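*Asks:* Turn this into a model:
(4 chains)
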Number of protein chains: 2
Amino acid sequence: MPTTQDIKVAVDAVVFGYTSKEGLSVLLIKRNIDPFKDTWALPGGLVGNDESLEDAVQRELKEETGVSINYLEQLYSFGQPGRDPRNRVISITYYGLVKPDAFQIEAATDAAEVEWFNIKRIPQLAFDHEDIIAAAHDRLKNKILYQPIGFELLEERFPFSELEKLYMAVLDRSIDRRNFKKKVVKFGFLEETDEKQALAGAGRPGNLFCFNQQKYFQLQKEGINFEI
Amino acid sequence: MPTTQDIKVAVDAVVFGYTSKEGLSVLLIKRNIDPFKDTWALPGGLVGNDESLEDAVQRELKEETGVSINYLEQLYSFGQPGRDPRNRVISITYYGLVKPDAFQIEAATDAAEVEWFNIKRIPQLAFDHEDIIAAAHDRLKNKILYQPIGFELLEERFPFSELEKLYMAVLDRSIDRRNFKKKVVKFGFLEETDEKQALAGAGRPGNLFCFNQQKYFQLQKEGINFEI
DNA sequence: TCAAAAGTGTTCTTCGTACACCCATGA
DNA sequence: TCATGGGTGTACGAAGAACACTTTTGA
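*Replies:* Residues are numbered from 1 along each chain as shown, chains lettered A, B, ... in the order given. Model prediction:
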């Protein structure tokens, strides 16, 4: 029988953002206390006594990064003794998705402490945070295939090519434009607006689309299964 | 800023067993302490200070049910304040699969305290344990479609119909015998032995099969994806 | 007029599904 | 000989994958 339990409970969050310019990126902070002082790490911290786990994640994100999140889902709990060199800390991890304007907000805070890193160029991290990012990326890759969570990473209105490039960035493989559009349009929760893309360089501007969440919920109730 | 953290960390396990006679079942214990004294609940308990989460689950299962488990996977962490009426307790839940002989072992222990319940006839449970079982069942239903974890619930050698009945019990729908066999055999990780099923009543005895895990790992490395 | 990106349809192959009759055994 | 459960193949339809040319715009 163990003596009185002495374990701390923390939450950590893998926040994904996407722009076609930056690609799929993760929000990291530079630690200013030991252990792992001056090392990059996931935002997170101890859970308050009367706070739900989700609230704790949202609070830490606000405090440490200024970002407020759009989609949040529990990922996994990491509890190996020794993963924190000082105390026993169990981390309940989440992953979140933010819209592209979060890339701007970050510039307003103390930029030395918070930064976006492309998923392929993550620096060495504190604790087991690299494993946590790997688990989050796996989950995202998997989930985006059967739930329309990709839209949580895009602006309200986006050209279709943006969605396609997002999928390619997340899945890290190329996708046939025609087949992809056929599949996605068929589900019927995308709405085509008559606005055109604001041009960024050469090329024919595309129509803007938006995700109709109500329509999606309705289709989901009717037992549709979304699969890319 | 919260005061000193005062949160306990527990693990709870949803242990699934299967026999064609009993169907898909969950192992429950009757609590002998408050809160929820004399109510059925999932086996589980507080995590020791120097014990991994998996070890804690295995230990609690041994202590409370005598069952030792075959496949164990983390499910979800439940941490809503108030889910335990006395203290703040965060429960990191697991689900596990056991071979049919665990149904016997249980009879050897104090039978009043440990019992198998068919998944469709779960009594009222302590805490939020009904939600936990629902989450575990969802996960199992989903996972069995793309990972060959069903074999963890069967004897080493089993007639093919046993596998099929297992899938029907887990998924709670009927399955076409011919199509199912075609699909499963095609993957190539099932071995047909020349033994015949020991007869239980009338009917033609079927050949026994066994799951070749090494073959499965090999196929998995080659990038096979199992899908029923 | 050229470069860059958007828009669009058809064919082929693969996979999923529906479906019914004979066989081996115990009672 | 009958009841019970095991074993097997074919045909149809749906969905996925491969694939290339035309259009609109800015430079």
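*Asks:* count of neighbours near residue A:69?
*Replies:* 23 (other Cβ atoms under 10 Å in any protein chain shown). All C-beta spots, glycine's among them, are computed from the backbone N, C-alpha and C.
*Asks:* shaky segments in chain A?
*Replies:* Across chain A, the ranges flagged by pLDDT under 70 are A:1-2, A:108-112.
*Asks:* Can you tell me which residues in chain A are near chain B?
*Replies:* Counting by Cβ under 8 Å from any Cβ of the partner chain, the residues of chain A close to chain B are A:2-3, A:5-9, A:46-53, A:74, A:76-77, A:79-81, A:88, A:90, A:92.
*Asks:* Return the distance of residue A:146 relative to residue A:227.
*Replies:* For residue A:146, the distance to residue A:227 equals 5 Å [Cβ to Cβ, to the nearest Å].
*Asks:* name the element residue A:90 belongs to?
*Replies:* Applying DSSP states H and E as the criterion places residue A:90 in strand A:89-97.
*Asks:* Format the CA atom coordinates belonging to that strand as CSV.
*Replies:* C-alpha atoms of strand A:89-97 as CSV (Å, rounded to 0.1, in the frame of the first residue of the first chain):
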residue,chain,number,x,y,z
VAL,A,89,3.8,14.9,-12.5
ILE,A,90,1.0,13.4,-14.6
SER,A,91,0.3,15.4,-17.7
ILE,A,92,-3.1,15.2,-19.3
THR,A,93,-2.5,16.4,-22.8
TYR,A,94,-4.8,18.1,-25.3
TYR,A,95,-4.5,19.2,-28.8
GLY,A,96,-6.1,22.3,-30.2
LEU,A,97,-6.7,24.0,-33.5
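*Asks:* elements contacting it?
*Replies:* strand A:8-19, helix A:53-65, strand A:71-78, helix A:129-143, strand B:89-97 (3 or more Cβ pairs under 8 Å, 6 or more residues apart in numbering or on different chains; DSSP states H and E).
*Asks:* Now tabulate these in TSV and tack on distance to residue B:175.
*Replies:* TSV is the format used below for those (distance: least, Cβ to Cβ, whole Å):
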stretch	distance to residue B:175
strand A:8-19	38
helix A:53-65	38
strand A:71-78	31
helix A:129-143	25
strand B:89-97	19
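*Asks:* of all the ones you listed, which lies closest to DNA strand D?
*Replies:* helix A:129-143 (15.2 Å; Cβ to the nearest atom of the strand).
*Asks:* mind giving me the domain split of chain A?
*Replies:* A:7-126, A:160-222 (automatic domain parsing).
*Asks:* can you give me how far the longest one is from the chain middle?
*Replies:* On the basis of Cα atoms, centre = their mean, to the nearest Å, the separation between the geometric centre of domain A:7-126 and that of its chain is 10 Å.
*Asks:* can you redo the helices and strands packed on strand A:89-97 as CSV with mean neighbour count?
*Replies:* As requested, the helices and strands packed on strand A:89-97 are arranged in CSV below (neighbours: other Cβ atoms under 10 Å in any protein chain shown):
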stretch, mean neighbour count
strand A:8-19, 24
helix A:53-65, 19
strand A:71-78, 19
helix A:129-143, 18
strand B:89-97, 25
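*Asks:* Could you dump these into JSON lines and include distance to DNA strand D?
*Replies:* Below are the helices and strands packed on strand A:89-97 laid out as JSON lines (distance: least, Cβ to the nearest atom of the strand, whole Å):
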{"stretch": "strand A:8-19", "distance to DNA strand D": "20"}
{"stretch": "helix A:53-65", "distance to DNA strand D": "33"}
{"stretch": "strand A:71-78", "distance to DNA strand D": "24"}
{"stretch": "helix A:129-143", "distance to DNA strand D": "15"}
{"stretch": "strand B:89-97", "distance to DNA strand D": "22"}
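*Asks:* For chain A, what lies in contact range of DNA strand D?
*Replies:* A:176-179, A:183, A:196, A:199, A:201-205, A:227 (Cβ under 7 Å from any atom of the strand).
*Asks:* residues near the residue lying closest to residue A:129 once chain neighbours are set aside, how many?
*Replies:* With Cβ to Cβ, 6 or more residues apart in numbering or on different chains as the criterion, residue A:129 has its nearest non-adjacent residue at 4.8 Å, and that residue is residue A:42. Neighbourhood size, residue A:42 [other Cβ under 10 Å]: 28.
*Asks:* ditto for residue A:120
*Replies:* Residues contacting residue A:120 under the criterion other Cβ under 10 Å number 10.
*Asks:* What of the one 4 residues further on?
*Replies:* If you count neighbours by other Cβ under 10 Å, residue A:124 ends up with 9.
*Asks:* For chain A, what lies in contact range of DNA strand C?
*Replies:* Proximity of chain A to DNA strand C (Cβ under 7 Å from any atom of the strand) is limited to residues A:159-161, A:177-179, A:181-182, A:197, A:201-207.
*Asks:* Starting from the strand holding residue A:90, tell me which strands it pairs with and how they run.
*Replies:* Strand pairing for strand A:89-97, using DSSP bridges, gives strand A:8-19 (parallel), strand A:71-78 (antiparallel).
*Asks:* Shouldn't residue A:214 be within a helix?
*Replies:* Yes: assignment of residue A:214 by DSSP: H, G, I helix; E, B strand; the rest coil places it within a helix.
*Asks:* between the residues of chain A next to DNA strand D, which is nearest DNA strand D?
*Replies:* residue A:204 (2.8 Å).
*Asks:* for that closest one, helix, strand, or coil?
*Replies:* Going by three-state DSSP: residue A:204 is coil.
*Asks:* related to what we said a few turns ago, which PyMOL command selects the buried ones in the residues of chain A next to DNA strand C?
*Replies:* To isolate the buried members of the residues of chain A next to DNA strand C in PyMOL, using 16 or more other Cβ atoms under 10 Å in any protein chain shown:
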select buried, chain A and resi 159+160+181+197
